[in-house]
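Visitor: Just a sequence and a predicted model for now, questions to come.
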Amino acid sequence: MDKKVVIVSGGSKGLGLAITRRLLDAGFRVHTFSRSPSPDTKMLEKEQSDTGRYYWTALDTTDQEGLDKYVNRIYREEGHITGLINNAGFNLDRLLPMTGPGEIERVISVNLTSPLLLTRLVTRAMIQKGNGSIINISSVIGHRGIKGTSVYSATKAALVGFTRSLARELGPRNIRVNAMLPGYIETEMTAGMSVVKKAQVIRRTPLGRMGCAADIAGVAEFLLSPGSSFITGQTIVVDGGLTC
Ligand code: NAP
């Protein structure tokens, strides 16, 4: 991969932001989107104005037509897309009987349908150039049961199945597909966890702490780099040992 062009969905905060920063430091050209800008996207636009390697766009990942135009524009302007990180997602912490059909559809749409559609668009570009690396951000909750997260869990487990089959499909085209399963990471998503729950997670984690976004960003960079060139179809758990 000479020119390293990556799309990161949901890069305005949390894990997506940390991944974006890490990839910029490593010399990647990073295209990211979210529904709204954040103080960090504005800061990065200023910081990176000289390098011309950072682009943030306002886009809802469930907007199919918007995604289509977005990917086509990047491909036309950059000439290649070497990496994709399907990161945008959210957790609906609710017992299933209390969850409305519309809420279920929304979680599936953001966490599962959109990554599938975005990947479909990006792989068309990758296939033409004969290389690429795709990372699907799943969760340990797709792997272990947690009360109140059944819909979220279903979408995250589905991403793992998607990863495995797609890796078989695209391996012969030199495109790698891996899933990352973060444990509990300090971001806005986990900010609502009670002190008691956080203490419980830390007690059960061999490394004795919650994860930080940088823990995830380092693994993302590795999975995009030549150092991981023989790794595909895998699920990489990054949880401090919580589920070991
Ligand atoms: P976060 O801090 O809430 O950030 C989510 C990002 O996704 C934001 O940039 C958000 O921006 C964007 N986003 C959400 N809905 C979107 C939509 N419909 N269209 C476009 N962008 C959207 O969450 P996070 O903790 O970084 O989580 C990132 C990913 O890691 C998620 O897939 C999550 O399931 C997974 N994960 C997180 C943890 C954890 O402990 N934090 C653990 C396991 C897995 P806007 O709101 O402006 O759109």
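Guide: Noted; the coordinates are in hand.
Visitor: Can you list the buried residues in the lengthiest helix in the chain?
Guide: Across the chain, the longest stretch assigned as helix under DSSP state H is helix 150-170. Buried residues in helix 150-170, defined by neighbour count with 16 or more other C-beta atoms under 10 Å: 150-160, 162-164, 166-167, 170. Using the backbone N, CA and C atoms, a C-beta is placed for each residue, glycine as well.
Visitor: Against which helices or strands is the next helix or strand after that helix packed?
Guide: Following helix 150-170 in sequence order, the next helix or strand is strand 175-182 (DSSP states H and E). Under the contact criterion of 3 or more C-beta pairs under 8 Å, 6 or more residues apart in numbering; DSSP states H and E, strand 175-182 touches helix 114-129, strand 132-137, helix 150-170, helix 213-224, strand 235-238.
Visitor: Could you report the separation of the residue nearest the centre of the chain from the ligand?
Guide: By C-alpha atoms, centre = their mean, the chain has its centre lying nearest to residue 87, at 2.0 Å. Remark: distance between residue 87 and the ligand (C-beta to the nearest ligand atom, to the nearest Å) = 5 Å.
Visitor: was I right about that residue contacting residue 19?
Guide: Yes. With contacts counted by C-beta atoms under 8 Å, residue 87 reaches residue 19, the gap being 6.7 Å.
Visitor: Give the intersection of the neighbour lists for those two.
Guide: 8, 11 (C-beta atoms under 8 Å, 6 or more residues apart in numbering).
Visitor: quick one on the thing from earlier: got the angle for the longest helix of the chain vs strand 175-182?
Guide: If you take axes from the mean of the first three to the mean of the last three C-alpha atoms, to 10 degrees, helix 150-170 sits at 160 degrees to strand 175-182.
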